[in-house]
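Visitor: Next come a sequence and a model predicted from it.
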Amino acid sequence: MGVPFFCILMGIPLGWFLVLYVTASVSGTREVMLKVITYAAIAATITMVAMLILWLPLSKMLFDPGNDLSTAGVPLILYEPRASLIGWLGLMIMVSPVLQLLTTLFGAWLTLLGWLNRVKKTGTV
């Protein structure tokens, strides 16, 4: 359905690409990371908007007492259907974009460390 598993995993190659893209025009480490953080935040915001579009209509089930929440297709992670739905919506809408942001920054830092090591050894960008 709308689990952003691949968005989170693609954060590492996205971080790699962002550092390569940004270092083509900016040379200072501080400027590179500020641009990478900006682009990573934009990607996480796009994921959050997509998750809101996918999962927010399901939240209407919380307010209808006639709905059987156990048949909503959400895993019972908290052993109670209402709590599980609330937890699942929180995971999908809030936590997943944050994880994508963190994996993007992780991939960017790894790439930037290699870039800085190359600059230190060769003396050129």
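Guide: Structure received.
Visitor: For Pro13, which non-adjacent residue is closest in space?
Guide: Spatial nearest neighbour of Pro13, chain neighbours left out: Gly107 (6.5 Å); criterion: CB to CB, 6 or more residues apart in numbering. For glycine as for every other residue, the C-beta is placed from the backbone atoms N, C-alpha and C.
Visitor: burial count for the one you found?
Guide: Number of residues near Gly107 (other CB atoms under 10 Å) recorded here: 22.
Visitor: The helix or strand hosting it packs against which elements?
Guide: Element membership for Gly107 (DSSP states H and E) is helix 96-122. Judged by 3 or more CB pairs under 8 Å, 6 or more residues apart in numbering; DSSP states H and E, helix 96-122 is in contact with helix 5-9, helix 11-23, helix 29-55.
Visitor: residues of the longest one that come out buried?
Guide: Taking 16 or more other CB atoms under 10 Å as the basis for neighbour counts, the residues of helix 29-55 that come out buried are 32-33, 35-36, 39-40, 43-44, 47-48, 50-52, 55.
Visitor: Relative to Val22, how far out is the spatially closest residue to Val26 that is not a sequence neighbour?
Guide: Nearest residue to Val26, sequence neighbours excluded (CB to CB, 6+ apart): Val32, at 5.4 Å. Going from Val32 to Val22 by CB to CB, to the nearest Å gives 5 Å.
Visitor: Mind listing the shared neighbours of the two?
Guide: Here Val32 and Val22 have no joint contacts, going by CB atoms under 8 Å, 6 or more residues apart in numbering.
Visitor: buried ones in the helix or strand bottoming out on mean pLDDT in the chain?
Guide: Least confident helix or strand of the chain, by mean pLDDT, DSSP states H and E, is helix 5-9 with a mean of 83. Judged by neighbour count using 16+ other CB under 10 Å, the buried positions of helix 5-9 are 7-8.
Visitor: and Pro75, how many neighbours?
Guide: Pro75 has 10 neighbours, counted by other CB under 10 Å.
Visitor: OK, contacts around the spatially most central residue of the chain?
Guide: Nearest residue to the geometric centre of the chain (CA atoms, centre = their mean): Gln100, 1.9 Å. Gln100 makes contact with 4, 7-8, 10-11, 43-44, 47, according to CB under 8 Å, 6+ apart.
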